[in-house]
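**Q** the following block contains a protein sequence and its predicted model.
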Amino acid sequence: MNEKPDFSKNANLASTAPAFLSVWDMHSYYGESYIVQGVSFNVHEGEILALLGRNGAGKTSTLRSIARVGEPEVRHGEIWLDHQPLHKMTSYEAAAAGLGLVPEDRRIIPGLTVEENLQLAQIAPPIGWSLDRLYELFPRLGERRKQEGITLSGGEQQMLSIARALARDIKVLLLDEPYEGLAPVIVDEIEKTLIHVKQQGMTTIIVEQNAVRALELADRAIILDTGTIVFDGAAKEVLEDTKLREEYLAI
Ligand SMILES: Nc1ncnc2c1ncn2[C@@H]1O[C@H](COP(=O)(O)OP(=O)(O)OP(=O)(O)O)[C@@H](O)[C@H]1O
């Protein structure tokens, strides 16, 4: 039976209400390196959660652990998405269960056009947004649909990578450093699309070095420090707390 465990005794959790995505006491390793050291948090449906922290704090490792990508290896803990036990799944199964990981390197497939990259994501059901709907969200991709994906600008590649996740029927969008290396005007454009996607009911976790931009977008924030959670609360609270920002985010 895929029932949710009772997480209510765990002090780290922000809420004891049943969550859409629950991570409970997750510990992950790269070989002998112990990186994610007992992380627990909830994400509610339709919310944008920013996962923040200094370089090496364990943000990407936490995101990859949730996506079940193999490295790092989750050796302890549970991850539940809408009553499904992700911790028992492979990355392929977790993707089929509704996780859409947009990795930092974007993984555009060489030799394929923009449209072929999107079509490839829809090769098997469950299919998400239609191509027309994706081109409406990202007009630049529509204009460049016949262009080879890897020849796009950095910002356009990021849009394609997000569009490819949405092309599948996902429940949670996992974004790893989506703003990295992009000009502020492109960040504005991507931010607008993420707000639109949220308005359609999507749940999102964003890992981002650009903490201020991520906090402006997010409802909630979690701050990691050496693989443990040091803050879990409203994004606005972090923006307003100079001490917290200086101590853990250096901003
Ligand atoms: N493949 C790996 N093998 C061994 N250690 C790794 C590996 N990938 C990351 N680490 C280590 O895990 C720790 C956390 O890295 P992670 O990438 O999760 O941090 P981060 O908070 O996302 O940092 P950044 O913002 O710099 O990307 C770091 O000490 C890093 O050196």
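**A** It's in.
**Q** is the ligand within reach of the helix or strand containing Ile35?
**A** For Ile35, the host element (DSSP states H and E) is strand 33-43. Yes - with CB under 6 Å from any ligand atom as the criterion, the ligand is reached by strand 33-43 at 33, 35. All C-beta atoms are positioned from the backbone trio N, CA, C, and that covers glycine.
**Q** I'd like to know which elements the next helix-or-strand element following that strand is packed against.
**A** Counting by DSSP H and E, the next helix or strand C-terminal to strand 33-43 is strand 48-52. Of the remaining helices and strands, those touching strand 48-52 by 3 or more CB pairs under 8 Å, 6 or more residues apart in numbering; DSSP states H and E are helix 59-67, strand 203-207, helix 211-217, strand 220-225.
**Q** please repeat the previous calculation with a cut-off of 6 Å.
**A** Counting contacts by 3 or more CB pairs under 6 Å, 6 or more residues apart in numbering; DSSP states H and E, strand 48-52 is packed against strand 203-207, helix 211-217, strand 220-225.
**Q** and stretch 194-212, what's buried?
**A** 194, 197-198, 202-211 (16 or more other CB atoms under 10 Å).
**Q** what mean pLDDT does stretch 123-140 get?
**A** Mean pLDDT, computed over stretch 123-140, is 95.
**Q** show me what the strand holding Ile35 is packed against.
**A** Using 3+ CB pairs under 6 Å, 6+ apart, strand 33-43 sits against strand 21-30, helix 59-67, strand 228-234.
**Q** need the residues of the chain near the ligand, please.
**A** 30, 33, 35, 53, 55-61, 71, 209.
**Q** of the residues you listed - the most surrounded one?
**A** Lys59 (26 neighbours; other CB atoms under 10 Å).
**Q** pretty sure it sits against Leu51.
**A** Yes - with contacts counted by CB atoms under 6 Å, Lys59 reaches Leu51, the gap being 5.0 Å.
**Q** what do these two both touch?
**A** Val207 (CB atoms under 6 Å, 6 or more residues apart in numbering).
**Q** secondary structure element holding the closest residue in space to Leu137 that isn't next to it in sequence?
**A** Distances taken as CB to CB, 6 or more residues apart in numbering place Thr193 nearest to Leu137, at 5.5 Å, with adjacent residues excluded. Assigned by DSSP H and E, Thr193 belongs to helix 184-199.
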